[in-house]
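**Student:** what's the 3D shape of this:
(one chain, ligands or ions: 1)
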Amino acid sequence: MSRLITVSQNAQSGFTVAIDGPAAAGKGAISRAVAAHFGFAHLDTGLLYRAVGRRVLGGLDPVTAAQSLDPADLVAPDSLRTAQIAEAASRVAVIPEVRAALVDFQRAFARRLGGAVLDGRDIGTVICPAADVKLFVTASPEVRAARRLKELCDNGFETDFATVLADVRARDARDGGRATAPMVPAEDALMLDTSMMAVDEAVAAAIAAVAARRAS
Ligand code: DC
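**Tutor:** Next up, the predicted model:
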């Protein structure tokens, strides 16, 4: 992980947007759009856990995998977006030492000059409790499963709604039920339920929330 930290060693204080929520709620699309709109850098922190998960699937011990994570592990992020790696990521994410190894890199990224958007599960509660804006993006498990099923089918994977829904529920239970840094909304987070929203609407709501905070 020390090699990851050198990547952002020039980081300075900036404007931080924390976006948390469960899988397939839309936080990725919202985070990318907010970052692009305001010219902020964006970090999908799930990729860190996925990269650790992939190394563990390759036979490494989880804590060693997290402590020696390298920028090279994060290139080609699409290769990390498989269901098997998502499951492995969710499992390594319950280990306190794994989470601890990833904290400094995330905080350094959050402070970078020019602003940063970080999305994940514990950004507003643990990584950046003093973030300028906190959003908790959610949607019903059924809506999220339907979105994930479409994404998987579009990418050529063969699965069905019941399997994907069971996977969504299992991940929610693990991410929300773990003892260290569970997925819970920060007390001061703005809740954004995207169940009945088109992506454009959700993006507009998030941009409006950030713009309001920047103007205040
Ligand atoms: O956002 P994602 O689906 O790529 O995340 C994969 C897993 O990583 C997720 O099930 C839980 C874990 N994770 C976490 O515990 N904390 C974060 N900040 C981001 C992801």
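
**Student:** pLDDT weak spots in the protein?
**Tutor:** 1-13 (pLDDT under 70).

**Student:** now the strands for the protein?
**Tutor:** 16-20, 41-44, 116-120, 133-138, 190-193 (DSSP state E).

**Student:** if I pick Pro182, what's in contact with it?
**Tutor:** Arg121, Asp122, Asp175, Gly176 (CB atoms under 8 Å, 6 or more residues apart in numbering). C-beta coordinates here come from the backbone N, C-alpha and C atoms, glycine included.

**Student:** Select from the residues you listed the one having the most neighbours.
**Tutor:** Arg121 (26 neighbours; other CB atoms under 10 Å).

**Student:** right, and that residue touches Arg178 too?
**Tutor:** No - the criterion here is CB atoms under 8 Å, and Arg121 misses it with Arg178 at 9.4 Å.

**Student:** Could you measure from the spatially most central residue of the chain over to Lys150?
**Tutor:** Centroid check for the chain by CA atoms, centre = their mean gives Gly120 as the closest residue, at 2.5 Å. Separation of Gly120 from Lys150 (CB to CB, to the nearest Å) stands at 23 Å.

**Student:** Ok, Leu192 next?
**Tutor:** On the measure of CB to CB, Leu192 and Lys150 end up 21 Å apart.

**Student:** how near is the nearest residue to Lys27 once chain neighbours are set aside to Asp70?
**Tutor:** Spatial nearest neighbour of Lys27, chain neighbours left out: Val137 (4.2 Å); criterion: CB to CB, 6 or more residues apart in numbering. Distance from Val137 to Asp70, counting by CB to CB: 29 Å.

**Student:** Likewise for Leu57?
**Tutor:** 17 Å.

**Student:** residues near the nearest residue to Phe136 once chain neighbours are set aside, how many?
**Tutor:** In space, and not counting its chain neighbours, Phe136 is closest to Pro185: 3.8 Å by CB to CB, 6+ apart. Neighbourhood size, Pro185 [other CB under 10 Å]: 17.

**Student:** who touches Pro185 in this structure?
**Tutor:** Asp20, Gly124, Phe136, Met191.

**Student:** thinking again about what came up before, between Val137 and Asp70, point out the one with more neighbours.
**Tutor:** Val137 (27 against 14).

**Student:** so how far is the ligand from that one?
**Tutor:** Applying CB to the nearest ligand atom, to the nearest Å, the value for Val137 to the ligand is 11 Å.

**Student:** For that residue, name its beta-bridge partners.
**Tutor:** Val137 has these beta-bridge partners by DSSP bridges: Leu192.

**Student:** Could you measure from it over to Ile30?
**Tutor:** 6 Å.

**Student:** can you list residues touching both of these two?
**Tutor:** With CB under 8 Å, 6+ apart as the test, Val137 and Ile30 both reach Ile19, Leu192, Ala202, Ala206.

**Student:** among those residues, who's most crowded?
**Tutor:** Result: Ile19 is most packed of the shared contacts of Val137 and Ile30 (other CB under 10 Å), 31 neighbours.

**Student:** about what we covered before: dump the shared contacts of Val137 and Ile30 to CSV, plus distance to the ligand.
**Tutor:** As requested, those are exported to CSV (distance: CB to the nearest ligand atom, whole Å):
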residue, distance to the ligand
Ile19, 10
Leu192, 16
Ala202, 16
Ala206, 16
